[in-house]
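Peer 1: the sequence and its predicted three-dimensional model are supplied below.
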Amino acid sequence: MSLRTRLVISFTVLLLAVIFAVGFVASRSIEEILVGQIDQNLLSIADRGPAPLPRPTEPPPGDEPFNDEPFFRSAAELVVAPDGTVVFSRASGFADAPDPLPDVAALAGVNGFTFVDSVDGSLRYRALVRSQPDGATVVRAGPLREVATATSDLIRTLLLAGGGVLLLGAVGTWWTVRRSMRPVDEMVDTAEAIAGGDLTRRVPELDPGTELGRLGGSLNEMLAHLEEALETERAAKERLRRFAADASHELRTPVTAISGYAELRRKGGLPTAEDQDKAWTRIESESRRMASLIEDLMTLARLGQTHPLRVAPVDVACIVADAAADHGAIDPSRPVRVEAPDSVVLCADGERLTQVIGSLLANARVHTPQGTRIEVAVRDEGDAVRIDVTDDGPGIPAAALDHVFDRFYRADPSRSRASGGAGLGLAIVEAIVEAHGGSVAASRAGEAGGTTISLVLPRSGEAESQST
């Protein structure tokens, strides 16, 4: 059974219970009011004078009344002797069609108001019983015919009106529930579409002040996060696929070269000592390159593990100065100018930070012509330290700026190793900086060219938490 059907049935049953309760209370109230009026009439009759006594000239009880009797009596009057004999009676109703008398035998021992049936059981009375000083009992009883008729009419009216109200209420409830549940149906349709693979579907916007509006907003927000997470997962899988393909490509080349020279040596294809020395030199070179690539891959893998850093207070200005000095010893043709305060201390892994600065200077050294000037600026920004490494070389193409930190990425589409290494240097830089809770970005230094790599490292916080 659907929720809509259950709601309609529940409201209809509730409405039926309310109608029944209203009908019960109304019928009882009208009955009490009418009985109260009969009680007042009986009291007024009793207050008119003493109880009627039989006269010698009156006919026996039950005979036709005298000609001076009124045409209609609202109450019957009876006098009962102490021995239970009815010594006087006047029936209620019309003179030519009196009502049956009350059954006084059922009133034995009663004093006050009570209900009693007629002697033939066809009529019910409201009776006022009073004892007299001489032991006799006077009974005045008003028939309840009008009370029963009024109560029946009221119940019949309530049944008809209640049936109409119940029908209108059921139809109105069905329409209201159907209209109110329409957003829920749309949510169900959206969920089914998403289950079918359409992650772009969203729940229609509703009034945020309503429960369904807040639910729809929460569902849309959840769907946006879900779509983003799935898109991130797809992108991660694609990066992993490219990473595996690139790693296989990079490793295949030195392995193929080593295997080729070994095969030549085994088959005697290197007859002279000079050829053999050249082959061994190439094997050693490719082995070193393969070892360097494997070490870079291991570095990236270790940086992806939990708590990889050994954090301690380090002086960034000192690290930058030492890295600049090492660069000057390796390549004096590309001068490095350092702009830094005397001391800038932050919590970091000093060995990894030295690796970052060295990699950035090596990257500038490889990708710029001789005579290119390099500048390293260190700035204290309070809660963070900013390091900018800028060169005035040809610069990175604008289309490549968003990809320079991707693994195995080279701006040179020919993938020539003369223009650089395996494409892991800046990826390692990004991984180390992010492990410290910082950020790294690349930009063009100016309109004429040049490249700036900017690092922002927090003084404390995430790096410290990773060291625990």
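Peer 2: Yep, that arrived.
Peer 1: can you tell me the closest non-neighbouring residue to residue 313?
Peer 2: Nearest residue to residue 313 in three dimensions, chain neighbours excluded: residue 345, at 5.3 Å (C-beta to C-beta, 6 or more residues apart in numbering). For the C-beta atoms, the positions are set from N, CA and C on the backbone; glycine is no exception.
Peer 1: okay, now that neighbour: neighbour count?
Peer 2: Number of residues near residue 345 (other C-beta atoms under 10 Å) recorded here: 14.
Peer 1: for residue 451, see how far away it is.
Peer 2: 28 Å (C-beta to C-beta, to the nearest Å).
Peer 1: one more: residue 262?
Peer 2: Distance from residue 262 to residue 451, by C-beta to C-beta: 41 Å.
Peer 1: swap in residue 334?
Peer 2: If you go by C-beta to C-beta, the gap between residue 334 and residue 451 works out to 13 Å.
Peer 1: could you do residue 193 as well?
Peer 2: Applying C-beta to C-beta to residue 193 and residue 451 gives a distance of 47 Å.
Peer 1: which of the two has more neighbours?
Peer 2: residue 451 (24 against 14).
Peer 1: helix/strand/coil for that one?
Peer 2: strand (DSSP: H, G, I helix; E, B strand; the rest coil).
Peer 1: now the common contact residues for residue 334 and residue 451.
Peer 2: Here residue 334 and residue 451 have residue 364 as joint contacts, going by C-beta atoms under 8 Å, 6 or more residues apart in numbering.
Peer 1: list the contacts of the residue nearest to residue 313.
Peer 2: 313, 314, 315, 316 are the contacts of residue 345 under C-beta under 8 Å, 6+ apart.
Peer 1: what's across from it in the sheet?
Peer 2: For residue 345, the beta-bridge partners are residue 315 (DSSP bridges).
Peer 1: residues of stretch 29-42 that come out buried?
Peer 2: Buried residues in stretch 29-42, counted by 16 or more other C-beta atoms under 10 Å: 30, 31, 34, 35, 38, 41, 42.
Peer 1: burial count for the residue nearest to residue 93 when sequence neighbours are not counted?
Peer 2: Once flanking residues are discounted, residue 93 sits nearest to residue 99: 3.9 Å by C-beta to C-beta, 6+ apart. Neighbourhood size, residue 99 [other C-beta under 10 Å]: 19.
Peer 1: could you do residue 216 as well?
Peer 2: If we define neighbours as other C-beta under 10 Å, then residue 216 has 23 of them.
Peer 1: for residue 229, same thing?
Peer 2: Neighbour tally, residue 229, other C-beta under 10 Å: 10.
Peer 1: please give me every residue in contact with it.
Peer 2: Applying C-beta under 8 Å, 6+ apart, no residues contact residue 229.
Peer 1: ok, back up a step: if you look at the buried residues of stretch 29-42, which of them are in helices?
Peer 2: 30, 31, 34, 35, 38, 41, 42 (DSSP state H).
Peer 1: distance of the second one from residue 14?
Peer 2: Yep, that's residue 31 we're talking about. 26 Å.
Peer 1: show me what the host helix or strand of residue 18 is packed up against.
Peer 2: Per DSSP states H and E: residue 18 is located in helix 3-46. Applying 3 or more C-beta pairs under 8 Å, 6 or more residues apart in numbering; DSSP states H and E, we find helix 3-46 packed against strand 124-131, strand 137-143, helix 145-180.
Peer 1: now it, how far from the chain's geometric center?
Peer 2: 45 Å (C-alpha atoms, centre = their mean, to the nearest Å).
Peer 1: could you do stretch 178-191 as well?
Peer 2: With C-alpha atoms, centre = their mean, you get 16 Å for stretch 178-191.
Peer 1: how about stretch 143-151?
Peer 2: The answer for stretch 143-151 is 60 Å, by C-alpha atoms, centre = their mean.
Peer 1: export that stretch to PDB, keeping only CA atoms.
Peer 2: The C-alpha trace of stretch 143-151 is given here as PDB (Å, rounded to 0.1, in the frame of the first residue of the first chain):
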ATOM      1  CA  PRO A 143     -43.800  10.500  27.800                       C
ATOM      2  CA  LEU A 144     -40.400  10.600  26.100                       C
ATOM      3  CA  ARG A 145     -41.900  10.200  22.600                       C
ATOM      4  CA  GLU A 146     -40.800  13.700  21.500                       C
ATOM      5  CA  VAL A 147     -37.300  13.100  23.000                       C
ATOM      6  CA  ALA A 148     -36.900   9.900  21.000                       C
ATOM      7  CA  THR A 149     -38.200  11.500  17.800                       C
ATOM      8  CA  ALA A 150     -35.900  14.600  18.200                       C
ATOM      9  CA  THR A 151     -32.900  12.400  19.000                       C
END
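Peer 1: pretty sure residue 151 sits against residue 31.
Peer 2: Yes: at 5.2 Å, residue 151 and residue 31 qualify as touching, with contact defined as C-beta atoms under 8 Å.
Peer 1: so where is the stretch 201-350 of the chain shaky, pLDDT-wise?
Peer 2: 206, 239, 242-243, 246-247, 249-250, 253, 296-297, 299-308 (pLDDT under 70).
Peer 1: how about 90 then?
Peer 2: By pLDDT under 90, the low-scoring segments of the stretch 201-350 of the chain are 201-312, 322-336, 339-344, 346-350.
Peer 1: please apply the same query to the stretch 351-468 of the chain.
Peer 2: Looking at the stretch 351-468 of the chain by pLDDT under 90, you get 351-374, 380-383, 390-437, 440-453, 459-468.
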